[in-house]
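Undergrad: got a sequence here, can you model it:
(one chain, ligands or ions: 1)
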Amino acid sequence: MTHDFDRLWDRYHTGSRKWAQYGPQVLPLWLADMDFAVAPAIVQALGERLQHPLLGYSVAQDELRQTLVRHMAQAYDWTIDAQDLVFLPGVEPGISMALKGLVAPGAGVVVQTPNHQPLLSSPGYWQQTPVQLPFEADGSVDPARLASATRGAGAFLLSNPHNPLGKVFERAELHAIADACVANDLVLISDEIHADILFDGRRHTPIAALGPQIARRTVTLMSASKAYNIAGLKTAFAIIQDPELRQRFNASRQGMVDSVNVLGLVATQAAYAQAGDWLQQANAYLQGNRDFLVAQLARCFPGIHLHSPQGTFLAWLDCRALELGNPQQFFLQQAKVALSDGRDFGPAGAGFVRLNFGCPRALLAEGLDRLQASLQGR
Ligand SMILES: Cc1ncc(COP(=O)(O)O)c(C=O)c1O
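TA: Predicted coordinates for the structure are as follows:
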């Protein structure tokens, strides 16, 4: 490895939300950013941009559009046009723009559970009703439940790859979701922010790449923010291949979603065009963390169960057998480790916590040691 993912960085007093929230006694393994330095190519591009000391309102340059068109072709075998891209200050605002512009108030919005909190709460901001579609215990999608949830709904809000399960959907699973959306005339909003963090040689499939029938009803939301660890730059993009859908999506920008962060655009260009080797090494390091986590849990934590993450840097830990009441609070208070509360991901998350393993292995080991000691002390 030429990049040092083991290096421990002091993120206190840098405005890091993850590290500021609980103070110095607590090891933060919760919020979804990573404790790794970003790729040198990104730092260099930002430095070079700052040599030109004007930072006015910005637009994506053609070079960035072409870089993203190329990335979609190379990474996912997906052909898009430069004009399909809409730049945004985040995936979450993109979800809201899509719901506001494309889905009627009162409509049902199908969301698999557990799920990233904003996917569950966003429909409510636009007077729509989330229709919860639970994953099966093995992480699969039940066809009968899929059929009944999509019947009569207005939209499907997908997380692909999935937060918090770390699930990389198989093509057949995506086909089943796509077919249900086509059959029931649903808009499909596909949050693919975790697309480039993949283990064991997996490939990401954008659901819109499955064919024109599904592409014409899909808003795909992506960003370099997770894979390249630049979430604080608040820059993302939508890919909308149907011109009429794109025009309606853009109309919902008014008064809500302004232009995009000038430095975020520069970093996004550098990420996709120049930081491929860094990403490859980050994925290898994260896969090592995933393996370490899975092995340690199997060896030392008989009361905690998980499905080994296939992508993302997130692990969904089933702590129900430990009977801790509220495991997030227990681990925060007794182990001084901050995890995400499973209940934030929907009611089915009670008894679960989400652990972020996007950190130097020494921190992950320290976190697991603390968790183990807290359980021994019961
Ligand atoms: C699935 C998913 N979607 C969206 C977001 C937030 O994206 P953004 O910061 O671009 O709004 C996150 C962040 O954790 C996420 O995990």
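Undergrad: only the buried residues of the helix ranked longest in the chain, if you could.
TA: Selection of the longest helix in the chain by residue count, based on DSSP state H, yields helix 276-300. Judged by neighbour count (16 or more other Cβ atoms under 10 Å), helix 276-300 contains these buried residues: 276, 278-279, 281-283, 285-287, 289-290, 293-294, 296-297. (Each C-beta comes from the backbone N, C-alpha and C, glycine too.)
Undergrad: out of these, the closest to the ligand would be?
TA: Set against the ligand, the nearest of those by Cβ to the nearest ligand atom is Leu286 (14.8 Å).
Undergrad: from Asp10, how far off is the closest one?
TA: Distance of Leu286 to Asp10, given as Cβ to Cβ, to the nearest Å: 22 Å.
Undergrad: and the chain, which of its residues are near the ligand?
TA: Contact residues, the chain versus the ligand (Cβ under 6 Å from any ligand atom): 32, 90-92, 116, 159, 163, 191, 193, 223, 225, 231, 236.
Undergrad: ok, these vs Leu102, which is closest?
TA: Set against Leu102, the nearest of the residues of the chain next to the ligand by Cβ to Cβ is Asp191 (14.5 Å).
Undergrad: contacts only, for that closest one.
TA: 91, 95, 116, 119, 157-160, 221 (Cβ atoms under 8 Å, 6 or more residues apart in numbering).
Undergrad: picking up where we left off before, mean confidence score for the helix or strand just after the longest helix of the chain?
TA: Downstream of helix 276-300, the next assigned helix or strand under DSSP states H and E is strand 314-318. Strand 314-318 shows a mean pLDDT of 98.
Undergrad: put the alpha carbons of stretch 107-122 into CSV.
TA: The C-alpha trace of stretch 107-122 is given here as CSV (Å, rounded to 0.1, in the frame of the first residue of the first chain):
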residue,chain,number,x,y,z
ALA,A,107,-48.7,9.1,-2.1
GLY,A,108,-47.0,6.1,-0.5
VAL,A,109,-43.3,5.9,-0.7
VAL,A,110,-41.8,2.4,-0.3
VAL,A,111,-38.7,2.3,1.9
GLN,A,112,-37.0,-0.9,2.9
THR,A,113,-36.3,-1.3,6.6
PRO,A,114,-34.0,-0.9,8.4
ASN,A,115,-32.8,2.1,6.4
HIS,A,116,-30.8,5.3,6.7
GLN,A,117,-33.0,7.7,8.7
PRO,A,118,-33.4,10.4,6.0
LEU,A,119,-34.9,7.9,3.6
LEU,A,120,-37.5,7.1,6.2
SER,A,121,-38.3,10.7,7.3
SER,A,122,-38.1,12.5,3.9
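Undergrad: mean confidence for that stretch?
TA: 97.
Undergrad: ok, now stretch 195-212?
TA: So the average pLDDT for stretch 195-212 ends up being 98.
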